[in-house]
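Enquirer: Predicted model follows, preceded by the sequence.
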Amino acid sequence: MRIAVYIPLLLSLLAPLGARPLSERCEPRLATWLLTVSALAMGAATTISLGLLAITGLIRFPQLASLGHWSAHTAQRDDPAELSVALLAALLLGAAVLMAARMLWRRTRTLTAAALEAACMPTEDDLVVVEDEAPDAFAIPGLPGRIVVSTGMLRTLDETERDILLAHERAHLASHHYAFVTLAQLGAAANPLLRPLATAVTYTIERWADENAATATGDRKRVAHTVGKAALAAHHTPTRAPGASLGILGRRTALAAAGPVPRRVAALLAPPFGRHSILAAVAAMVLATAALSTVEAAHDLHLLLEAVSAR
């Protein structure tokens with residue numbers, strides 16, 4: 001097969017380099033979409049490329065070639081891909097499919113458990129207050145979803161800060177942020193090289209919710225203060241529910257490091273980001289290149305199978 005089949009694999013090495021620029025310089029909603037689509041599309045493209053390479057190896061074995069009425073001898077002569085490369089691709093393909101299926105199964109169970117938990121929470125609206133001195137707040141996706149806030153968190157924040165927290169959590173539910181996280185993680189499960197993209201999505205959905213809260217309240221500085229205050233209050237609070245990953249607190253990291261919470265606060269204290277059309281155009285170009293290369297590689301395989309058809 002020609003070089004086209006290797007291009008998605010090469011791009012998966014380069015794509016993670018754009019994760020940080022997209023997450024930090026692009027408007028959060030657009031960045032989330034670009035990162036999620038990139039992770040999912042690149043994961044699919046690399047899996048297909050591995051599959052195409054694996055097929056070229058399988059048809060070299062007479063027992064398997066006979067199933068498709070192909071000539072194993074002709075395949076060995078005409079296929080430019082080395083057998084060792086094809087066999088390695090087959091192993092990687094098996095691992096990719098296994099990891100993606102495992103991740104999808106675990107994520108489905110988690111979301112199902114979250115939905116059941118949300119359905120069992122009696123409330124007249126989407127807010128559930130739990131008696132707990134530990135400051136905590138998170139969103140649980142479901143039909144409908146729920147926002148869970150502990151009494152400890154309510155006592156930590158003043159009235160305006162509570163409104164900011166609720167606006168942030170409602171943004172998670174309204175925009176279905178759990179779906180973006182799931183799809184990005186699915187692409188990363190198929191291709192571990194894409195994990196920086198999935199990690200960036202967990203940050204950009206928080207930034208997206210922060211910006212929604214800032215728009216709702218009209219005070220970016222106050223939202224930044226609330227994000228930092230909630231993070232400090234809940235720094236040692238363990239995660240309690242399946243949907244806790246969609247909370248205002250983001251990833252639990254040392255606040256002394258330049259982790260998600262300090263970056264979110266800094267972004268809120270700065271002017272809002274624009275769409276950054278250059279970054280968006282580059283991301284679109286990479287995705288288009290991966291898609292076209294995959295189509296071209298599939299066409300090459302079709303021509304190869306026609307050439308090795310037993311006469």
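Expert: Structure's in. What do you need? Bear in mind the structure is a predicted one, so any value in this text is a computation, not a measurement. Numbers count the residues shown, from 1 in each chain.

Enquirer: Which positions in the host helix or strand of Ala288 come out as buried?
Expert: In this assignment (DSSP states H and E), Ala288 forms part of helix 277-307. Judged by neighbour count using 16 or more other CB atoms under 10 Å, the buried positions of helix 277-307 are 279-280, 283, 286-287, 290, 293-294, 296-298, 300-301, 304-305. (C-beta placed from N, C-alpha, C; glycine too.)

Enquirer: so how far is it from its chain's centroid?
Expert: Distance, stretch centre to chain centre, for helix 277-307: 21 Å (CA atoms, centre = their mean, to the nearest Å).

Enquirer: helices or strands up against the longest helix along the chain?
Expert: Of all the elements of type helix in the chain, the one with the most residues (DSSP state H) is helix 83-119. With contacts defined as 3 or more CB pairs under 8 Å, 6 or more residues apart in numbering; DSSP states H and E, the packing partners of helix 83-119 are helix 28-58, strand 137-140, helix 177-190.

Enquirer: now the ones you listed in JSON lines, with distance to Glu131?
Expert: Formatted as JSON lines, the entries for the helices and strands packed on helix 83-119 read as follows, by distance: least, CB to CB, whole Å:
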{"stretch": "helix 28-58", "distance to Glu131": "34"}
{"stretch": "strand 137-140", "distance to Glu131": "14"}
{"stretch": "helix 177-190", "distance to Glu131": "26"}
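
Enquirer: Tell me which of the ones you listed is the most buried.
Expert: Per-residue neighbour counts averaged over each of the helices and strands packed on helix 83-119 give the maximum for strand 137-140, namely a mean of 28 (mean count of other CB atoms under 10 Å).

Enquirer: Please identify the pairing partners of it and their relative orientation?
Expert: Strands flanking strand 137-140 in the sheet, each with its direction: strand 146-150 (antiparallel) (DSSP bridges).

Enquirer: Can you report phi and psi for the nearest residue to Arg155 once chain neighbours are set aside?
Expert: With CB to CB, 6 or more residues apart in numbering as the criterion, Arg155 has its nearest non-adjacent residue at 8.0 Å, and that residue is Pro135. The main-chain torsion angles of Pro135 are listed as degrees, to the nearest 10 and equal phi -70, psi 120.

Enquirer: For Pro135, which residues are in contact?
Expert: Contacts for Pro135 were tallied using CB atoms under 8 Å, 6 or more residues apart in numbering; they are 150, 152-153, 155-156, 230, 233-234, 237.

Enquirer: rerun that using 7 Å as the cut-off
Expert: Residues in contact with Pro135, defined by CB atoms under 7 Å, 6 or more residues apart in numbering, are 150, 152-153, 156, 233-234, 237.

Enquirer: Please tell me which one of these counts the most neighbours.
Expert: Most neighbours among those, by other CB atoms under 10 Å: Met153, with 27 neighbours.

Enquirer: For the strand or helix carrying that one, give the mean pLDDT please.
Expert: Here Met153, judged by DSSP H and E, is contained in helix 151-156. Helix 151-156 shows an average pLDDT of 89 in the prediction.

Enquirer: which helices and strands does the helix or strand just after that helix pack with?
Expert: Towards the C-terminus, the helix or strand next in line after helix 151-156, according to DSSP H and E, is helix 159-174. Using 3 or more CB pairs under 7 Å, 6 or more residues apart in numbering; DSSP states H and E as the contact criterion, the neighbours of helix 159-174 among helices and strands are strand 137-140, strand 146-150, helix 195-217, helix 220-233.

Enquirer: Can I get helix 159-174 in CSV? Just the C-alpha atoms.
Expert: The C-alpha coordinates for helix 159-174 follow below in CSV (Å, rounded to 0.1, in the frame of the first residue of the first chain):
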residue,chain,number,x,y,z
GLU,A,159,-25.6,34.5,47.7
THR,A,160,-24.0,35.9,44.6
GLU,A,161,-21.4,33.1,44.6
ARG,A,162,-24.1,30.5,44.9
ASP,A,163,-25.8,31.9,41.8
ILE,A,164,-22.5,31.7,40.0
LEU,A,165,-21.9,28.1,41.1
LEU,A,166,-25.4,27.1,40.0
ALA,A,167,-25.0,28.9,36.6
HIS,A,168,-21.8,26.9,36.1
GLU,A,169,-23.3,23.6,36.9
ARG,A,170,-26.4,24.2,34.8
ALA,A,171,-24.2,25.0,31.9
HIS,A,172,-22.7,21.5,32.2
LEU,A,173,-26.1,19.9,32.0
ALA,A,174,-27.6,22.2,29.3
